[in-house]
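S.K.: based on what follows, work out the 3D shape:
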Amino acid sequence: MPRKPRFFVAGVANHVIQRGNNKEAVFFEEEDYRKYLTILNEAATKQGVKVHAYVLMTNHIHLLATADTTNGISQMMQQVGRFYVPYVNSKYNRTGTLWEGRFKSSLVADEVYVLACMRYIEMNPVRADMVKAPQDYQWSSYHSNVRGAYDPVISEHSSYKGLARSRKKQQENYRDLFLEHLDEKVLTDIRNCAQTGTPLGNNKFKSQIESKLKIKVGYNTRGRPRKL
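M.R.: Okay, the predicted model is just below:
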């Protein structure tokens, strides 16, 4: 069975998902989460990648990131794997693979799509019934994007910056987006695009990606999110 394609364009945000092998845990205690974030920050810096949002779940991770180069995302994830997998294997006296094959990814259009994807990522612990509110979960970018907590991993996306002129107002306006639930169609689109590798955006965005990559990218969804 052929692998699903992955599309990368320099300067365009990418929703990245990587799951533990057989849905098994990849984080076991607080030190592991901290170690992963340290490795991620080092890899992102070295590979010219800006991370805008993340969540570290027990058995998988989500990132929204933009690379300066076409292969930046892949190189970042490869570097993370080279350091985090041996760390886990050594610490817990295990061998073999930690992750379920290749990471999945989908390009994300600017403006509402980026902000919707950021919220989708940071709301994962709530949807999983791990916490009642995103601020109750420690291992996500919510604390930086909404509360202004220092997080060396995070770089603000232009769509986030466009919420207001001041950082404080950006945080307030972004927080207000969480007052309404993500539309079910938006949730479905984000999930389907991540699973199939289809760019998340309207048909104009997908046409632009096709023009840059000289390859068909698929048109599984239409239009814009109806309500964010």
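
S.K.: residue 164: which element?
M.R.: Following DSSP states H and E, one finds residue 164 outside all helices and strands.

S.K.: equivalent analysis for residue 138, please.
M.R.: Assessed by DSSP H and E, residue 138 sits outside every helix and strand.

S.K.: show me what contacts the closest residue to it other than its chain neighbours?
M.R.: Leaving aside its sequence neighbours, residue 138 sits nearest to residue 33 (Cβ to Cβ, 6 or more residues apart in numbering; 7.6 Å). Where you see a C-beta, it was placed from the backbone N, CA and C, and this is true even at glycine. Applying Cβ atoms under 8 Å, 6 or more residues apart in numbering to residue 33 gives the contacts 27, 56, 138-139.

S.K.: most neighbours out of the residues you listed, which is it?
M.R.: Neighbour counts for the contacts of residue 33, by other Cβ atoms under 10 Å, peak at residue 56, which reaches 23 neighbours.

S.K.: which ones are touching that one?
M.R.: Taking Cβ under 8 Å, 6+ apart as the criterion, residue 56 is in contact with 27, 33, 36-37, 139-140.

S.K.: tell me which two of the contacts of residue 33 sit farthest apart.
M.R.: 27 and 138 (11.3 Å; Cβ to Cβ).

S.K.: circling back to that earlier point, wait, which of the contacts of residue 33 is closest to residue 108?
M.R.: Using Cβ to Cβ, residue 56 is the member of the contacts of residue 33 that lies nearest residue 108, at 19.5 Å.

S.K.: next one, pLDDT for the closest one please.
M.R.: pLDDT recorded at residue 56 is 98.

S.K.: scan the protein for its longest helix.
M.R.: Ordering each helix of the chain by length in residues (DSSP state H) puts helix 72-91 first.

S.K.: could you work out the end-to-end span of stretch 80-99 for me?
M.R.: For stretch 80-99, the first-to-last residue distance is 11 Å (Cα to Cα, to the nearest Å).

S.K.: give me the mean pLDDT for it.
M.R.: The model assigns stretch 80-99 a mean pLDDT of 97.

S.K.: repeat for stretch 24-43
M.R.: 98.

S.K.: how about low-confidence regions in this protein?
M.R.: Within the chain, the stretches with pLDDT under 70 are 1-4, 219-228.

S.K.: tell me which element the most centrally placed residue in it falls in.
M.R.: The centroid of the chain falls nearest to residue 63 when counting by Cα atoms, centre = their mean (2.0 Å). Using DSSP H and E, residue 63 sits within strand 60-67.

S.K.: what is that strand packed up against?
M.R.: strand 13-19, helix 30-47, strand 49-56, helix 72-91, helix 112-122 (3 or more Cβ pairs under 8 Å, 6 or more residues apart in numbering; DSSP states H and E).
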